[in-house]
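Novice: Can you look at this prediction? I've put the sequence above it.
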Amino acid sequence: GAVVSQHPSWVICKSGTSVKIECRSLDFQATTMFWYRQFPKQSLMLMATSNEGSKATYEQGVEKDKFLINHASLTLSTLTVTSAHPEDSSFYICSASGLAGGQETQYFGPGTRLLVL
Amino acid sequence: QKEVEQDPGPLSVPEGAIVSLNCTYSNSAFQYFMWYRQYSRKGPELLMYTYSSGNKEDGRFTAQVDKSSKYISLFIRDSQPSDSATYLCAMSNFGNEKLTFGTGTRLTIIP
């Protein structure tokens, strides 16, 4: 149990285009989902917290107009990187907060590798 | 000072050895303590989950939490090359809150 999927697993796009990443909790309902960014050999950096049916809460320094988050259902959240630039190239990971096996914590997706040319 | 301190390593041990990974923290409100394992280019995988102080064992893995010392540990017995990964400690006040992570320890098990 507690499976979280992400799609796509990797994407290459041209500078100026927008990219949408999906995060799904497959076998549990997640009222809260989190979006992280990770640079090579560094820990996870929380970008935003997404609650179903409400606006996302962004961490300091994260541009909400740049990284659009939608959490339309209890099993799906999306992150859209708008007008992507090479500095947005990174590993993006989502997590879903839920109760599985008596443990209420965050379960992570496999990540999406974004390369902006 | 960071809220959670974790030695980044790298840590290399021979196959079969006991591995000890540790984190210290400063926020006494933390109640939930997790260890995640992350392989290169993959998302973190929940390894151990502990609420409040105490020990928890799962196969070759044992997690310990000492809230009085604000210190948590993960022990890996009979370490295998497949245990080579980055291990992240994480903690929160409540189960569904955002996590505070350590920097991660890169572990290599040498065959």
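Specialist: Alright, I've got the coordinates.
Novice: got the contact list for the closest residue to chain B within chain A?
Specialist: Of the residues in chain A, the one nearest chain B is A:Glu104, at a distance of 3.3 Å by Cβ to the nearest Cβ. Where you see a C-beta, it was placed from the backbone N, CA and C, and this is true even at glycine. Neighbour list for A:Glu104: A:97-98, B:95-96 [criterion: Cβ atoms under 8 Å, 6 or more residues apart in numbering or on different chains].
Novice: Make a ChimeraX selection of whichever of those turn out to be buried.
Specialist: ChimeraX command restricting these to the buried ones, with burial defined by 16 or more other Cβ atoms under 10 Å in any protein chain shown:
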select /A:97,98 /B:95
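Novice: Check the contacts of A:Glu104 and tell me the two furthest apart.
Specialist: Using Cβ to Cβ, these span at most 9.3 Å, a distance reached by A:Gly98 and B:Gly95.
Novice: Longest strand of chain A, counting residues only.
Specialist: strand A:90-100 (DSSP state E).
Novice: roughly how far apart are whichever residue of chain B sits closest to chain A and A:Gln103?
Specialist: At 3.3 Å from chain A, B:Gly95 is the closest residue in chain B, using Cβ to the nearest Cβ. Distance, B:Gly95 to A:Gln103, by Cβ to Cβ, to the nearest Å: 8 Å.
Novice: Can you give me the distance of A:Leu99 to B:Ala90?
Specialist: 17 Å.
Novice: quick one: which of those two has more around it?
Specialist: B:Ala90 (27 against 15; other Cβ atoms under 10 Å in any protein chain shown).
Novice: Just give the closest residue to B:Tyr51, not the sequence neighbours.
Specialist: B:Tyr32 (5.8 Å; Cβ to Cβ, 6 or more residues apart in numbering or on different chains).
Novice: Per-residue pLDDT of A:Glu22, please?
Specialist: Looking at A:Glu22, its pLDDT reads 97.
Novice: Number of residues surrounding it?
Specialist: Here the number of neighbours of A:Glu22 (other Cβ under 10 Å) works out to 16.
Novice: residues contacting it?
Specialist: Contact analysis of A:Glu22 by Cβ under 8 Å, 6+ apart lists A:6-7, A:76-78.
Novice: and it, what element?
Specialist: Using DSSP states H and E, A:Glu22 maps to strand A:19-25.
Novice: Kindly format the C-alpha coordinates of that strand as CSV.
Specialist: Extracted as CSV, the C-alpha positions of strand A:19-25 are listed here (Å, rounded to 0.1, in the frame of the first residue of the first chain):
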residue,chain,number,x,y,z
VAL,A,19,5.4,21.7,-18.3
LYS,A,20,2.8,19.9,-16.2
ILE,A,21,3.7,17.2,-13.7
GLU,A,22,1.1,14.9,-12.2
CYS,A,23,1.2,13.3,-8.8
ARG,A,24,-1.3,10.6,-7.9
SER,A,25,-1.9,8.6,-4.7
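Novice: and chain A, which of its residues are near chain B?
Specialist: Residues of chain A lying close to chain B by Cβ under 8 Å from any Cβ of the partner chain are A:2, A:4, A:6, A:31-32, A:34, A:41-44, A:46, A:49, A:91, A:93, A:97-99, A:103-111, A:113.
Novice: In contact with the residue nearest to B:Met91 when sequence neighbours are not counted, which residues are there?
Specialist: In space, B:Met91 comes closest to B:Phe30 once its chain neighbours are excluded; the distance is 4.2 Å by Cβ to Cβ, 6+ apart. By Cβ under 8 Å, 6+ apart, the contact list for B:Phe30 reads B:91-93, B:100.
Novice: Thank you, goodbye.
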